[in-house]
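> Following is a predicted model, sequence given first.
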Amino acid sequence: MSLRPVYGHDALRHRLAQAHQAGRLPSSLLFTGPRGVGKQRLALWLGQRMLCEGGAGTRDPLGLLEETPAANAVEPCGHCQQCRYSARLQHPDLHWFFPRLKSKDGREPSNEEVRADLAELVAERMAADGLWAGSTGMEALHLPTVRALVHAASLRPAMAARTVFVVGDAERMISQEGSDQAANAFLKLLEEPPAGTTLILTSSEPGALLPTIRSRVVTLRVTPLPPHEVTAFLEDPAVRSRLGHSAADVPAMLTRASGAPGQLLESASSADAHETARQLLEAALAPRSADGDALRAQVAAKSGITKARGPYSDALDALTVLLHERIRGALDRGLDRHARHVTMAISVLEKTKLHTQHNVTPQLITAVLLDELADLLARPA
């Protein structure tokens, strides 16, 4: 599975290609712009462009690039070994760091554990046709992640002549967790990256970045896409499959996107989460019978089928909301005892959420959860 194409930002991509071609690309960059406008995808494109060895990354000593802004002078070749690995996000010298959930056991993971976790999360995004929603409010760039990034930057390139780091949602970098050694090391890395190292930060809220970070990067604005580019994005077969829209839906979706098509993916993820939560609750409420047990087994079997922890966790959060609504409804009808049972069900659900951070399959987690919820919710009101 490869990344989806980059839609739009042609002028900015041409400027970045020119700067790289002429050897004038800054070593520390910050892409800013609205949430969902494609900043991280653009940063990954630039990483591939810089690692490409099929002709796109060669210098232009005669200055012909400015006179011939053809696509093949701007785009990575897409055929060399470097491009093939980059497009699948398997290149050992193209590193992608982004917010992740903090360890629930209170233990700080090692650099290797952080990298392994990020690799799994990247694989999940690629399994979803290279389409992902933005980070949730529960995720951040915690100090173990920063330490892993700094450590990776201290190593020599494994395959290419240089190394590229993409840091998504950089404003979520946490530096108030005790020791500030990692944060200081990251600032030094931004100021003086090792030779052949480029760092590309992205942020939808640049004002939330530490001033010490903003002072060490060259900022580039990534603007909203025009309607025809958003339309091209919506016509992508993978996007059509993900969003399930028809041609008649496009005008309304263009209005909702406001030039940031990634926001449509977040809306779709929210709708998917609520639908999954509804199915989970329906299965939990099914009577203790052969049919009810079969329904619970069926729902559990298809839970988290892509091993995507993010969407699965979102569904569990949505289920919490549905259970709270059920408590309010029970109290309004004077069913205090049932409200207590549902409260106990929420406690079970919260414990279940802890298991999603470990190497346990969603199918097993869901089977156990539905069995416990069925017992609680079937108790007399």
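Nice, I can see it. Residues are numbered from 1 along each chain as shown.

> how many other residues sit next to the nearest residue to residue 171 once chain neighbours are set aside?
With sequence-adjacent residues excluded and distances taken as CB to CB, 6 or more residues apart in numbering, residue 171 is closest to residue 208, at 4.0 Å. Where C-beta positions appear, they are placed from N, C-alpha and C, glycine not excepted. Residue 208 has 12 neighbouring residues, counting by other CB atoms under 10 Å.

> All further residue positions should be reported with the first residue as 884.
From this message on, residue numbering opens at 884, which makes the last subject residue 1091.

> Return the per-residue confidence for residue 1091.
On pLDDT, residue 1091 comes in at 81.

> what ranges of the chain fall below the confidence cut-off?
Across the chain, the ranges flagged by pLDDT under 70 are 938-956, 987-989, 1020, 1058-1066, 1187-1194, 1239-1243, 1264.

> Can you give me the domain boundaries for it?
893-1106, 1147-1260 (automatic domain parsing).

> Output the ones you listed as a markdown table; include the columns distance to residue 1112.
Shown next, in a markdown table, are those (distance: least, CB to CB, whole Å):
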| stretch | distance to residue 1112 |
| --- | --- |
| domain 893-1106 | 9 |
| domain 1147-1260 | 13 |
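
> Residue 1099 reaches residue 1075, doesn't it?
No: in this structure, residue 1099 is not within contact of residue 1075 by CB atoms under 8 Å, at 9.3 Å.

> of these two, who's got more company?
Taking other CB under 10 Å, residue 1099 and residue 1075 do not tie; residue 1099 has more neighbours (20 against 12).

> ok, how many other residues are close to the nearest residue to the more buried one once chain neighbours are set aside?
What sits nearest to residue 1099 in space, not counting adjacent residues and going by CB to CB, 6+ apart, is residue 1073, at 4.1 Å. Residue 1073 has 19 neighbours, counted by other CB under 10 Å.

> Just after the longest strand anywhere in the chain, pick out the following helix or strand.
Ordering each strand of the chain by length in residues (DSSP state E) puts strand 1080-1086 first. Proceeding N to C from strand 1080-1086, the next assigned helix or strand is helix 1094-1097, under DSSP states H and E.

> How about residue 932, nearest residue that isn't a chain neighbour?
residue 959 (4.7 Å).

> Residue 1213 too?
residue 1222 (4.1 Å).

> In contact with the one you found, which residues?
Contacts for residue 1222 (CB atoms under 8 Å, 6 or more residues apart in numbering) come out as 1210, 1213, 1214.

> Now do the SS call for the second one.
Going back to what we said before, that points to residue 1213. helix (DSSP: H, G, I helix; E, B strand; the rest coil).

> Surely it and residue 1221 touch.
Yes: using CB under 8 Å, residue 1213 is in contact with residue 1221, at 4.5 Å.

> on that earlier part again, I'd assumed the residue nearest to residue 1213 was in a helix, is it?
Yes: assigned with three-state DSSP, residue 1222 falls within a helix.

> State the distance from it to residue 1069.
Distance, residue 1222 to residue 1069, using CB to CB, to the nearest Å: 48 Å.

> Which strands or helices does the longest strand of the chain pack on?
If you count contacts as 3 or more CB pairs under 8 Å, 6 or more residues apart in numbering; DSSP states H and E, strand 1080-1086 packs onto strand 911-915, helix 922-934, strand 1046-1050.

> ok, and what's touching the first one?
Contacts made with strand 911-915 from outside it, assessed by CB under 8 Å, 6+ apart, are listed as 922, 925-926, 1053, 1073-1074, 1076, 1081-1087, 1089, 1092, 1097, 1099-1105.

> How about the longest one?
When contacts are defined by CB under 8 Å, 6+ apart, helix 922-934 is touched by residues 886-887, 889, 892, 895-896, 899-900, 903, 908, 912, 914-916, 939-940, 957-959, 965-966, 969-970, 972, 974, 976-977, 979, 981, 1043, 1045, 1047, 1049, 1051, 1081, 1083, 1085-1087, 1105.
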